[in-house]
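**Q** Model the structure of this input:
(chains A, B, C and D)
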Protein chains: 2
Amino acid sequence: MSTADLDRSVDDDATLEADVFARACLSRPVLQTITGRWGGLVLAALGESPYRFSALRRRVDGVSERMLSQTLQQLERDGFVHREVQETIPPKVEYSLTPRGEQVAERLLGLIDFVESQMPDILADQDRYDSR
Amino acid sequence: MSTADLDRSVDDDATLEADVFARACLSRPVLQTITGRWGGLVLAALGESPYRFSALRRRVDGVSERMLSQTLQQLERDGFVHREVQETIPPKVEYSLTPRGEQVAERLLGLIDFVESQMPDILADQDRYDSR
DNA sequence: CCGTATCCTTAACGATACTG
DNA sequence: CAGTATCGTTAAGGATACGG
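**A** Numbers count the residues shown, from 1 in each chain, chains lettered A, B, ... in the order given. Prediction:
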């Protein structure tokens, strides 16, 4: 089956207006990576400063070694994170944001900050919703 | 994690200054809802216009009835989405963004648009990463 | 120290049938 | 039309042991 059926005409900005609502849209997995359970937190953390693996794991509370490793690989693959290996003994690996990663982290931080600022009201709304 | 989940009786909320990096941070599930697999797309869709259930399901390609229903409930619970029932026959239910939801959708759209704009470069980076 | 590989558990998901 | 309930499946996640 083709997902191109619901053709929303490509408008003025042409090229990149791929429909994010389309099931097979290539940007979906990328968005999933950066907004998923750990991706957003990792990007936010690296927005503060570069981190080494262990330090990052401590910073992002609750992430397992496996998931952190996996998340970092995805972020590196998509060009959001840069991985720098220092061949010392013991070895050190530093993770930092690429320019693209910084742009994303910036926007992500804006979202996080807004939600944090709304938390008192959100919690109140949740309580109202739950008690009926 | 057990289903004991979030302790609603915040014994002493002197600090809503909660650290998003902390495992038990109350904002994490909220962020999860809006950035999760369907939450973001639903908010983005409702940012275009209000939708009724079926129309929304058609707009967000690939979402099942079950997941759409569940996602909308969470978004309504957190005060991002307003649900309006019209007692007609057949019944109609219209979903729209609350002011809070609009603020989030705005930021989410910014993120989505940026990623879309980067897709050509991201795909190239992915290819480079995969071929080694 | 920086991970990867393995195993196993849990949560998310989709399809479908059914109710108000 | 707008969902909820149930069930089987799949993907995500955590713990840990071990290699580089």
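
**Q** So which residues of chain A form helices?
**A** With DSSP state H, the ranges of helices along chain A come out as A:27-35, A:39-48, A:53-59, A:65-77, A:99-130.

**Q** okay, those, which one's buried deepest?
**A** helix A:39-48 (a mean of 23; mean count of other CB atoms under 10 Å in any protein chain shown). (C-beta placed from N, C-alpha, C; glycine too.)

**Q** That helix near DNA strand D at all?
**A** No: using CB under 7 Å from any atom of the strand, helix A:39-48 stays clear of DNA strand D, with a minimum separation of 9.1 Å.

**Q** just checking, what packs against that helix?
**A** Helices and strands touching helix A:39-48, by 3 or more CB pairs under 8 Å, 6 or more residues apart in numbering or on different chains; DSSP states H and E, are helix A:27-35, helix A:53-59, helix A:65-77, strand A:81-86, strand A:92-97, helix A:99-130.

**Q** residues from chain A in reach of DNA strand D?
**A** Residues of chain A lying near DNA strand D (CB under 7 Å from any atom of the strand): A:36, A:37, A:38, A:62, A:63, A:64, A:65, A:66, A:67, A:90, A:91.

**Q** so which residue of chain A comes closest to DNA strand D?
**A** Residue nearest to DNA strand D within chain A (CB to the nearest atom of the strand): residue A:37, separated by 3.4 Å.

**Q** Show me the shaky parts of chain A.
**A** Within chain A, the segments meeting pLDDT under 70 span A:1-18.

**Q** So which residue is smack in the middle of it?
**A** residue A:34 (1.9 Å; CA atoms, centre = their mean).

**Q** residues in contact with it?
**A** A:40, A:43, A:75, A:78, A:80, A:104, A:108, B:111, B:115 (CB atoms under 8 Å, 6 or more residues apart in numbering or on different chains).

**Q** and if you look at residue A:114?
**A** By CB under 8 Å, 6+ apart, residue A:114 lies in contact with B:103, B:104, B:107.

**Q** so which of those also contact chain A?
**A** B:103, B:104, B:107 (CB under 8 Å from any CB of the partner chain).

**Q** Who are the contact partners of the last one?
**A** This means residue B:107. A:107, A:110, A:111, A:114.

**Q** give me that answer again for 6 Å
**A** Residues in contact with residue B:107, defined by CB atoms under 6 Å, 6 or more residues apart in numbering or on different chains, are A:110, A:111.
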